[in-house]
Structure formats: C-alpha cells, structure tokens
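J.: Structure for this input, please:
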Amino acid sequence: MRASSAVLTDSSVRLWDLVFPADRALLGRTRAAYVHLDNLIAYSKRDRDAKVHGYLACWRPDETILLFFLGGDLVNAAVLTPVGRFPVAISEAMKHMRAEPERSELAFHTAGLEQLAAMYASCVQAPLDLGLDSTSPKTIFDNVLARKWSGLLELISNARVNYLSVKDGRFAGGMFAEQRKDEDAKAYLARMFSAKHPEPLPRVAVKAFAGLAEMPLQATPALVQVYRQYVWDLVDLAEREMPGGESAKRAEKVRLRLSSSHEALKSVGGARGSLFADPIVEPAQFTDGVAGWTKDFLGELEVMNPRIASQLLKEASREQRFQFAALGFFDRLPWKIEW
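T.: Take a look at the predicted model:
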C-alpha cells in the first residue's frame, strides 16, 4: 500500500507519518481492512478492560481522523487535513473511516485526560501568534517566559507530535511521542532538535494554543437520532390533534426562527426522514435547542387549544422519558408531566 503524500497544513509533515503520544497501545497501527470498526468501538463500551480514556487514529489518503474516548465512550472527533484542522461530527468521521479501508490504517491507544484535551484543542482552536522561534527549546521558552504566557504548545519533530503545558511562562508538563523510558523531558526536547551525522537537523514546527481544561463532549449520533425522532413525533401528534397542515408549517417556522441561536436545530425537523448533517454541539446545547423549540411551538398551539401542550409532550416523549429526564430536558419546559 502506497502512503499518502498529503501534508499537514502550514508544515512539511506528511499526515500519513504523524505519531501521537500514547500511554498504551490497545491496537497497534493496522490496515483498516483488517479491523471491524464497529466491533472495536463496541468493545470499548462493553469490556471492562477497554473502558479507558484514549483515542482512535485513522490515517486516510488525504486526512487523519481522531476519535476521542472517555471511559470507553466515544465522545468527540476531529480531523487534520492539508487545508486545516477541524472538529467533525462523529457520524461524519465514522463515514470517512469506513471509506477506502484498503487505503487506510488504524491505531487505538490509551491516553490521559490532559493529553486528549490537548489533542482536541490543537484541532479546533486557532493558533496564537507569539512569534515563536523554533530553532531550539531555549528560544521557545525564552519567548513564553518573557511573556509569562500560559497555554499549550504543540511541537512536531520528524512527524512526532508533542504537547507541552506552560504556566506563567514555565514548563508545567508534557506528553511526548515515542519518549524513551530513560529520558526526562529535558533530554527528550534536546533530542527533538538534534540529529546524528550525516542526517540533517529536523525541522520542528511549533504552535501555541490557548488550550482546554477538559475534553468537550459532542452529542452522539444516537442522541441526535433520538431528538430527531421526538421532533417528528411531536409534529405528527400535533397534526393529528389539529388537522389541516398548519401545525407542521408552524413547527418549521419556529425551528427556522430559532436556528440562528441554536445550531442543533439545523439538524432536526423537516418532513419525516429528512436528511441533515449531524451537528457539532454538546449534549446540553442540543437539549437547549430542542427544548426551546418545544416551548415556542407548543406555546403557540396552546393559544388555540389550551392544555394541549402537556398532552402532546407526554405522548411524544414517553418512550425516551428517562433519557430526557437525565438530560434535564423537562426542567427546561414550563409544563410538568406526571407519568
């Protein structure tokens, strides 16, 4: 299999060659055609030994995809491409990972919470312009020390990706790719900037980011589908109780009006079975959006038919009431449902 020649944006590093830090390999880098992706992800949720924090990396012909796991649960995704790094919906990431398995490779590694947050931050945050000189560790840290800067540094040397935590301009910790057991941070950093004769000195790419305190959670494809089903069911119930097609039109008007402030609403509604891209939002934001739509939609129906709101809400949410309650969905609404 021929490796891709696509390079990481703003660098000469091939995406195919990227190596990320890891605590332990659950699956060494393997051709994707040999791996059952769904079983691998299900294993991380089902088996006690696999309920770990970690990441699944997929090297594809023109991109590298990262899936992030907390306690074995798939919680977020990001992609690195020649034109930039971006957050990506979990469902979209999975779609890409299933394509061209004979030309892709996978690896599944455990990693600490700090590293996962650093990896995600480097994909979704804009780099900060600190005027860093990447010729040596000293020039880098002289700069951040003079600024008393705090944040995250990403250093890539010979395709090895490393993350350094900085507090008030001083080194506070690091996650290093392929660090030797007998190497401390200082020795490792020195090796990053050196080479044995006659090899040329490596070109080190350094970027600064604000960093994240923790890994954000993305609404999972399953949760997205639950809310989609609920919205369709609620509109159908409203149409049944108040025939004439006005309920569906009213529901869509409310959804479009609120979509500017609730990104999640761009991924639900419409005619049953409508295809939308999954949103990249946290579960709480998704719940806020759908609850806001429910409140306005049912509020308008109550003007014409008092007390219909609680009836429709109870019927539409009955099957998922426990999950909705756990998400705080009902707490966001003015109607109290007795089951």
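J.: Assign a three-state SS to Val206, would you?
T.: strand (DSSP: H, G, I helix; E, B strand; the rest coil).
J.: how much space between it and Phe69?
T.: Computed as Cβ to Cβ, to the nearest Å, the Val206 to Phe69 distance reads 28 Å. All C-beta atoms are positioned from the backbone trio N, CA, C, and that covers glycine.
J.: Ala159 and Pro137, how far apart?
T.: From Ala159 to Pro137 the distance is 18 Å (Cβ to Cβ).
J.: on that earlier part again, which one of Val206 and Phe69 has more residues nearby?
T.: Phe69 (25 against 21; other Cβ atoms under 10 Å).
J.: Which strand residues bridge the more buried one?
T.: Beta-bridge pairing of Phe69 under DSSP bridges involves Gly54, Leu74.
J.: In contact with it, which residues?
T.: Remark: with contacts taken as Cβ atoms under 8 Å, 6 or more residues apart in numbering, Phe69 is in contact with Ser44, Val52, His53, Gly54, Tyr55, Leu56, Val75.
J.: try 7 Å this time
T.: Ser44, His53, Gly54, Tyr55, Val75 (Cβ atoms under 7 Å, 6 or more residues apart in numbering).
J.: Could you verify my assumption that the third one touches Leu113?
T.: This points to Gly54. No - counting by Cβ atoms under 7 Å, Gly54 sits too far from Leu113 to count as a contact (10.4 Å).
J.: more neighbours, these two?
T.: Gly54 (24 against 12).
J.: For the more buried one, give me the pLDDT.
T.: Here the pLDDT value assigned to Gly54 is 95.
J.: for it, what are its contacts?
T.: Leu26, Phe69, Phe108, His109, Thr110, Ala111.
J.: still on that earlier bit, buried members of the contacts of Phe69 into PyMOL, please.
T.: In PyMOL, this line selects whichever of the contacts of Phe69 come out buried by 16 or more other Cβ atoms under 10 Å:
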select buried, resi 44+53+54+55+75
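J.: would you turn the contacts of Phe69 into a markdown table with distance to Trp339?
T.: What follows is the contacts of Phe69, written out as a markdown table (distance: Cβ to Cβ, whole Å):
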| residue | distance to Trp339 |
| --- | --- |
| Ser44 | 33 |
| His53 | 36 |
| Gly54 | 38 |
| Tyr55 | 40 |
| Val75 | 30 |
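J.: out of the contacts of Phe69, who's nearest Asp133?
T.: Tyr55 (30.2 Å; Cβ to Cβ).
J.: isn't the closest one right next to Ala111, touching?
T.: Yes - with contacts counted by Cβ under 7 Å, Tyr55 reaches Ala111, the gap being 5.9 Å.
J.: Relative to Lys196, which of the contacts of Phe69 is nearest.
T.: Tyr55 (30.9 Å).
J.: For burial, what's the neighbour tally of Leu130?
T.: The number of residues near Leu130, taken as other Cβ under 10 Å, comes to 16.
J.: how about the nearest residue to Leu153 once chain neighbours are set aside, secondary structure?
T.: Excluding its sequence neighbours, the residue lying closest to Leu153 (Cβ to Cβ, 6 or more residues apart in numbering) is Leu164, at 4.2 Å. Here Leu164 is strand, with the state taken from three-state DSSP.
J.: ok, Leu164 to Arg318 distance?
T.: Following Cβ to Cβ, the distance that separates Leu164 from Arg318 is 51 Å.
J.: And Glu105, by the same measure?
T.: 45 Å.
J.: One more: Val224?
T.: When Val224 is compared with Arg318 (using Cβ to Cβ), they lie 20 Å apart.
J.: between these two, which one's more packed in?
T.: Neighbour count, other Cβ under 10 Å: between Val224 and Arg318, Val224 has more, with 24 against 12.
J.: my read: that one touches Ser267, true?
T.: Yes - the criterion here is Cβ under 7 Å, and Val224 meets it with Ser267 at 6.4 Å.
J.: between the two, what contacts are shared?
T.: Common neighbours of Val224 and Ser267, counting by Cβ under 7 Å, 6+ apart, are Asp278.
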